[in-house]
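> Structure for this input, please:
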Amino acid sequence: MVRATLQIVAICLLVYVAQSAVALVDRTPRMAELFALSMPLGAQPWTVVTSVYAHTGPWHLLSNLAFFALLGLAVERQTGAVSFHLFVLGTGAIANVSQAAFSNAVGGIDAHVLGLSGAVVALAGYLVTGNRLSELLLDRFEIPRTVQFVIYATLAVVVTVATAEPGVAIVGHFVGLFLGLALGAAKALGQ
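Got it, this is the predicted structure:
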């Protein structure tokens, strides 16, 4: 049986091939936007899904897939394939929608968001809090849930600011990391 991580890598590669084929047929921005999420969501609702697996170019694709494979193989051991796919799609979609909504609301920018990075940082967050050592530390020091969430939000802000660069979806990364931290602490994928 093919591992869920490798299935998602294959999906990303297939979507990239489809993106490339569409670009060859019609280079208008309208065609390129078939895969990218933008506001309002109702205009192209399928992009909530396609945006997670689509990428802007080979470097974006390969860098996301390298980190995804590393983190995904570690996380998928804790759960079933369906749960893992739903985690990746769910965290990636929420991160992408958050980035597009923020860009539209705050900057008035009609951002076209795509990529797996929101799900990648969610996997990283899950690994940080969804392990036995983190659980032992949180239980030992009896940190209340509300304080834990403040710690997760602070950690997500620090990591997001430290890794921010022009053109990077910092809101999407923040949301993905925060979701991963919270879901890991909740053992959402089991143990």
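> quick one: buried residues of the longest helix along the chain?
The longest helix of the chain (DSSP state H) is helix 81-107. The neighbour-count check on helix 81-107 (16 or more other Cβ atoms under 10 Å) flags 84-85, 87-103 as buried. Quick note: C-beta positions are derived from backbone N, CA and C, even for glycine.
> And the next helix or strand past it?
helix 117-129 (DSSP states H and E).
> Check the average confidence over the helix or strand that that following helix is followed by, would you?
With elements assigned by DSSP H and E, the helix or strand that comes after helix 117-129 is helix 132-140. Mean pLDDT, helix 132-140: 75.
> Now do the longest helix of the chain against helix 117-129: the angle between them, please.
Calculated by axes from the mean of the first three to the mean of the last three Cα atoms, to 10 degrees, helix 81-107 forms an angle of 120 degrees with helix 117-129.
> begin at 12 from here
Will do, 12 is the new start, and the previous item becomes helix 92-118.
> Helix 92-118 packs against which elements?
helix 15-36, helix 58-64, helix 69-86, helix 128-140, helix 181-196 (3 or more Cβ pairs under 8 Å, 6 or more residues apart in numbering; DSSP states H and E).
> export those helices to CSV and tack on mean pLDDT, distance to L147 and mean neighbour count?
Below are the helices and strands packed on helix 92-118 laid out as CSV (pLDDT from 0 to 100; distance: least, Cβ to Cβ, whole Å; neighbours: other Cβ atoms under 10 Å):
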stretch, mean pLDDT, distance to L147, mean neighbour count
helix 15-36, 93, 27, 16
helix 58-64, 95, 33, 23
helix 69-86, 95, 19, 17
helix 128-140, 95, 12, 26
helix 181-196, 93, 13, 25
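> Tabulate those helices (CSV), appending distance to F152.
Compiled in CSV, these are given as follows (distance: least, Cβ to Cβ, whole Å):
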stretch, distance to F152
helix 15-36, 33
helix 58-64, 36
helix 69-86, 25
helix 128-140, 14
helix 181-196, 14
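> So for A122, which of these sits nearest?
Each of those has some distance to A122 by Cβ to Cβ; the shortest is helix 181-196, at 9.7 Å.
> how far out from the middle of the chain is that closest one?
From the chain centre to the centre of helix 181-196 is a distance of 8 Å (Cα atoms, centre = their mean, to the nearest Å).
> Could you do stretch 132-150 as well?
Using Cα atoms, centre = their mean, the offset of stretch 132-150 from its chain centre is 17 Å.
> In PDB, could you pull the C-alpha coordinates for that stretch?
Output of stretch 132-150 as PDB, limited to C-alpha atoms (Å, rounded to 0.1, in the frame of the first residue of the first chain):
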ATOM      1  CA  VAL A 132       3.700  24.100   9.000                       C
ATOM      2  CA  ALA A 133       0.600  22.400  10.500                       C
ATOM      3  CA  LEU A 134       2.500  19.100  10.300                       C
ATOM      4  CA  ALA A 135       5.500  20.800  12.000                       C
ATOM      5  CA  GLY A 136       3.200  22.200  14.700                       C
ATOM      6  CA  TYR A 137       1.600  18.800  15.200                       C
ATOM      7  CA  LEU A 138       4.900  17.100  15.700                       C
ATOM      8  CA  VAL A 139       5.900  19.700  18.300                       C
ATOM      9  CA  THR A 140       2.800  19.300  20.500                       C
ATOM     10  CA  GLY A 141       1.600  15.900  19.500                       C
ATOM     11  CA  ASN A 142       4.400  13.900  21.000                       C
ATOM     12  CA  ARG A 143       4.800  12.200  24.400                       C
ATOM     13  CA  LEU A 144       7.500  14.600  25.600                       C
ATOM     14  CA  SER A 145       5.400  17.700  25.100                       C
ATOM     15  CA  GLU A 146       2.400  15.900  26.700                       C
ATOM     16  CA  LEU A 147       4.600  15.000  29.800                       C
ATOM     17  CA  LEU A 148       5.900  18.600  30.100                       C
ATOM     18  CA  LEU A 149       2.400  20.200  29.800                       C
ATOM     19  CA  ASP A 150       0.900  17.700  32.300                       C
END
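> Sounds good, over and out.
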